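> Here's my sequence, what's the structure:
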Amino acid sequence: MRVAIIGQQAFGKDVLEAFLARGHEVAGVFCAPEKLGARPDPLRVAAEEQGLKVFQLPNLTSPAAQEALRALDADLAVMAYVLQFASQSFVSIPRHGTIQYHPSLLPKYRGPSSINWPIIKGDTETGLTIFRPTDGLDEGPVILQKKVAIGPDDTLGSVYFDRLFPLGVAAMLEAADLVVSGRHTETVQDETLASYEGWCRDAESRINWNSHIDLIHNLIRGCDPAPGAWTLVHGHKVRLFEARKHPVRRFGDVIGKPGEIVSVGEQSIQIAVQGGLIEIAKVRASAGQKLSAAAFAKSHGLSAGDRLESAAPLSPALAAD
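Below you'll find the predicted structure:
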């Protein structure tokens, strides 16, 4: 088939390479313009190395975008991690239209941080959807879905990189084959089951140490590696990673007050919360690299008995960290 790839970053690059490896013809690649000083987009770099036509347009709604896609004479457009809005007049141009990847089981978790939220909310299952893009946000008819389990210690990183990423690349090939051969079905999403979650950013990833152990553990792992759940240490933002929970069976067995460091080990620290202890292996301060939580505690004069601060509303200075 002759395809147009629309996307960005590592996922877009791998989708491009998967279609090329299968012997399909890539007529051209659309990717968003890179911001000044940003790292080169892996999709753009890979496409240029293959000698493909690359379009970096400020939006996909302009006549210029439509003319560029129409000139490619593609059988199918494939949207692989696209943050730009694409209108129906754009996605309907290829002979067999357009398919899009979304990393959740639509209609649940529509929106931009759809991998974070199932973990944060304690779900034990998520997945991916290949669907027809419409003018509504992640609302188009479903072509295929794949389910994946979320284990009790899974993080955003393990769910995405180990499962949703490779499974998504394969699913785009499978859906493309079905659509171009006319063997696909399109199932309208059930709006009674729909949910939307916005970005998971600093306002959503701050830790309240008075919450239950399960809520704190899910928040940290759902934000690991990005954006990184955070707390305040001496008034400065510190992000926590590689959490493990150690629940207690009886209320009287809880040691320490919520947010209190109860031990500093060789690599990790343990923090008291409602229902047990949260163990943290890695941390990152606002201007540094990740390091062991124990090393960070020692370098900042933290020891057993010190309490981490539940995050207050962001001040302008902290929000800029």
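> Contacts only, for the residue lying closest to residue 112 once chain neighbours are set aside.
Distances taken as Cβ to Cβ, 6 or more residues apart in numbering place residue 199 nearest to residue 112, at 5.3 Å, with adjacent residues excluded. To be clear about C-beta, it is placed using only N, CA and C from the backbone, and glycine gets the same treatment. Taking Cβ atoms under 8 Å, 6 or more residues apart in numbering, we find residue 199 in contact with 111, 112, 113.
> what secondary structure does the second one sit in?
To tie it back to what came earlier, the one meant is residue 112. What DSSP: H, G, I helix; E, B strand; the rest coil gives for residue 112 is coil.
> Can you list the residue ranges for helices in the protein?
Under the criterion DSSP state H, the chain carries helices at the ranges 9-21, 42-49, 63-72, 88-91, 116-120, 156-159, 165-181, 202-205, 213-222, 293-299, 316-319.
> With mean pLDDT and distance to residue 80 added, can I get those helices in CSV?
Formatted as CSV, the helices of the chain follow (pLDDT from 0 to 100; distance: least, Cβ to Cβ, whole Å):
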stretch, mean pLDDT, distance to residue 80
helix 9-21, 98, 4
helix 42-49, 98, 8
helix 63-72, 98, 15
helix 88-91, 97, 14
helix 116-120, 98, 19
helix 156-159, 98, 18
helix 165-181, 98, 6
helix 202-205, 96, 26
helix 213-222, 98, 23
helix 293-299, 95, 36
helix 316-319, 40, 32
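> of all those, which lies closest to residue 29?
Residue 29 sits nearest to helix 42-49 of all the helices of the chain, at 4.0 Å, using Cβ to Cβ.
> tilt between the closest one and helix 9-21?
If you take axes from the mean of the first three to the mean of the last three Cα atoms, to 10 degrees, helix 42-49 sits at 40 degrees to helix 9-21.
> Now do helix 42-49: which elements does it pack against?
strand 2-7, helix 9-21, strand 25-31, strand 54-55 (3 or more Cβ pairs under 8 Å, 6 or more residues apart in numbering; DSSP states H and E).
> Number of residues surrounding the closest residue to residue 170 other than its chain neighbours?
Spatial nearest neighbour of residue 170, excluding adjacent residues (Cβ to Cβ, 6+ apart): residue 18 at 7.6 Å. If you count neighbours by other Cβ atoms under 10 Å, residue 18 ends up with 18.
> Between the two ends of stretch 188-199, what distance do you get?
In stretch 188-199, first residue to last residue: 25 Å (Cα to Cα, to the nearest Å).
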